[in-house]
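K.L.:
predicted model and sequence follow; I will ask about them next.
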Amino acid sequence: MTIYVDQPLPTWATYKRCKMFADNIQELHAFAFKMGLSTQWFRNDWRLRHYVLTDGKRKIAIKLGAKEVTLEVTKAHVKANVNEDKTTDKT
C-alpha cells in the first residue's frame, strides 16, 4: 500500500493544506480511517480523489508511513487519471 502526501501550499486563509492520495481508493480510505480523519476532508474529484490535510495531519500521515512527494508527482497522478478516464468505455 502506498499513500502519498504532496507539499503543503498556503490557501485563502494562509493555512497550509496538502493532498493525501493513493493508487487505490480503498487503501486511501483505510489509511484515513487509521488516522481518524473525518470523511468531510475527502474530495471525490475525478481527477484526483484525495483527502485535504492540514500541515499537522500531514506530519501524522508521514509518521504512519505516507510517502512525501513533490507537486510534479501529484500532477502526474492527475494526468494519469485524466488519461484513464478518457480511455474508459462509458457505455
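P.N.:
Thanks, I have the structure now. Residues are numbered from 1 along each chain as shown.
K.L.:
quick check: buried residues in stretch 8-22?
P.N.:
If you call a residue buried by 16 or more other C-beta atoms under 10 Å, then stretch 8-22 has these buried ones: 8, 17-22. All C-beta spots, glycine's among them, are computed from the backbone N, C-alpha and C.
K.L.:
now do stretch 36-50
P.N.:
Within stretch 36-50, the residues scored as buried using 16+ other C-beta under 10 Å are 37, 41-42, 48-50.
K.L.:
okay if I get these as JSON lines plus secondary structure and distance to K59?
P.N.:
Listed next are the buried residues of stretch 36-50 as JSON lines, based on DSSP: H, G, I helix; E, B strand; the rest coil; distance: C-beta to C-beta, whole Å:
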{"residue": "L37", "secondary structure": "coil", "distance to K59": "14"}
{"residue": "W41", "secondary structure": "helix", "distance to K59": "15"}
{"residue": "F42", "secondary structure": "strand", "distance to K59": "19"}
{"residue": "L48", "secondary structure": "coil", "distance to K59": "21"}
{"residue": "R49", "secondary structure": "coil", "distance to K59": "22"}
{"residue": "H50", "secondary structure": "strand", "distance to K59": "17"}
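K.L.:
please flag which of the buried residues of stretch 8-22 sit within strands.
P.N.:
By the criterion of DSSP state E, membership of the buried residues of stretch 8-22 in strands covers 17-22.
K.L.:
mean confidence (pLDDT) on stretch 67-81, please.
P.N.:
In this model, stretch 67-81 has a mean pLDDT of 88.
K.L.:
hang on, the earlier thing: for the ones in strands among the buried residues of stretch 8-22, name the two members farthest from one another.
P.N.:
The span of these, defined through C-beta to C-beta, is set by R17 and A22 at 17.7 Å.
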